[in-house]
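# pasting the sequence and the predicted model now:
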Amino acid sequence: MNNNRFAESVATAVGIILLLAATGSARAQNAKPVAVPAPNEALPGAQPRSSHSLADDFSGLNYTDEQKAQIDKIHRDEQSQKEAVAKDAKLTADQKDAFIEGYTRLEYGQIFRMLTPEQRRQARQKMLAQRTSNLVVPGKQAVQK
């Protein structure tokens, strides 16, 4: 149990370091002005940010009481991390966004790992359906399957 906690702590620390390094190197490389697309214009190859949430991806699954307790603990832990980042005056807005996104991904991963194989299959189906509904093809509304 302690080894697992230690591994999670190390993974979190490495993730944070990588996020900081990526943010710093991206700022250094972007010294030249860059053309910014119009708000409604998508970057080529970029996936649109979806408005769905953790609740959307994992809703409708029948959780055991133990799973509910684990999910609540994971959510509380990650929420406290996000709040600490939001209050950190040393971080820029971009850095805060990167940290919060990283913590959200960690939360998704932790919840996904505690699901049963059947729950994982159901969650994957929901995520795939959401992703395909968000894909936009030029000249068409959305990709329909």
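Good, I have the coordinates. Residues are numbered from 1 along each chain as shown.
# count of residues packed around residue 81?
18 (other CB atoms under 10 Å). All C-beta atoms are positioned from the backbone trio N, CA, C, and that covers glycine.
# so it, which of the three states?
Under DSSP: H, G, I helix; E, B strand; the rest coil, the three-state class of residue 81 is helix.
# right, and it touches residue 102 too?
No. Assessed by CB atoms under 8 Å, residue 81 is found out of contact with residue 102, at 9.3 Å.
# domain map for this structure?
1-19+65-114, 119-145 (automatic domain parsing).
# just give me the lowest mean pLDDT stretch among those domains.
Note on the domains of the chain: domain 119-145 shows the lowest mean pLDDT, a mean of 74.
# picking that back up, quick one: the domains of the chain as CSV, columns for distance to residue 57 too.
Converted to CSV, the domains of the chain look like this (distance: least, CB to CB, whole Å):
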stretch, distance to residue 57
domain 1-19+65-114, 7
domain 119-145, 5
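# what's the closest of the ones you listed to residue 59?
Nearest to residue 59 among these is domain 119-145; the distance by CB to CB comes to 7.8 Å.
# now the helices for the chain?
Remark: helices assigned in the chain by DSSP state H are 2-29, 54-58, 65-87, 93-113, 117-134.
# show me what the third one is packed against.
Okay, so that is helix 65-87. Applying 3 or more CB pairs under 8 Å, 6 or more residues apart in numbering; DSSP states H and E, one finds that helix 65-87 contacts helix 93-113.
# give me the angle between the helix it packs on and helix 65-87.
Helix 93-113 runs at 170 degrees relative to helix 65-87, counting by axes from the mean of the first three to the mean of the last three CA atoms, to 10 degrees.
# what residues sit buried inside helix 93-113?
95, 98, 99, 100, 102, 103, 106, 107, 108, 110, 111 (16 or more other CB atoms under 10 Å).
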